[in-house]
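Okay, structure incoming, though there's no sequence with it:
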């Protein structure tokens, strides 16, 4: 997804796709506001803020064209929305593995549309399809199964997690997910 150079993440083409898809999430999930986010060489971290309770219904498909507007890919969260606690999300992708499984999974019967689980499932499915098109590897996996989530309950925790996400590239070589071989 790129590499860390002098403490800064330099996104490759796959990393740019993943970043752009993340920035598109609020267009497809109206109850979602984004907060801190970083794409790392072999994983991502982000904070999701659900503004309304999720509701039952079909998942929205994020598989639409990535905007070409250069301002869009550098979008930043609305500062007025950064003061609310949310859900921290972390994901470690797998290296390319071929299989016969479809990339886009339908929502499991008990998964509520607009919930953190539905948002993450949709994000992972769409980014997998997009990256596989670029890599010409249909059926390839890029994400591990499941994800880590943590409910952020107060401002102190929110601040600490934002700092962790922001500083993740600076401490990359000491990270437990460090790999000298990033996802390509």
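Looks like it came in fine. Everything quoted here is computed from the prediction, not taken from an experiment.

Show me which residues of the helix or strand hosting residue 15 are buried.
For residue 15, the enclosing helix or strand under DSSP states H and E is helix 13-28. Along helix 13-28, these residues count as buried under the neighbour rule (16 or more other CB atoms under 10 Å): 14-26, 28. No exception for glycine: its C-beta is placed from N, CA and C like everyone else's.

Just give the nearest non-adjacent residue to residue 25, would you?
The spatially closest residue to residue 25, leaving aside those adjacent along the chain, is residue 32, at 5.7 Å (CB to CB, 6 or more residues apart in numbering).

Looking at strand pairing, list the partners for the one you found.
Beta-bridge partners recorded for residue 32 (DSSP bridges): residue 50.

lowest average confidence, helix or strand, in this structure?
One helix or strand of the chain scores below all others by mean pLDDT, DSSP states H and E: helix 70-73, with a mean of 33.

quick one on the thing from earlier: which one of the buried residues of helix 13-28 is nearest residue 120?
Using CB to CB, residue 25 comes nearest to residue 120 of these, at 9.8 Å.

ok, now which ones touch the closest one?
Applying CB atoms under 8 Å, 6 or more residues apart in numbering, we find residue 25 in contact with 32, 34, 48, 62, 119, 123.
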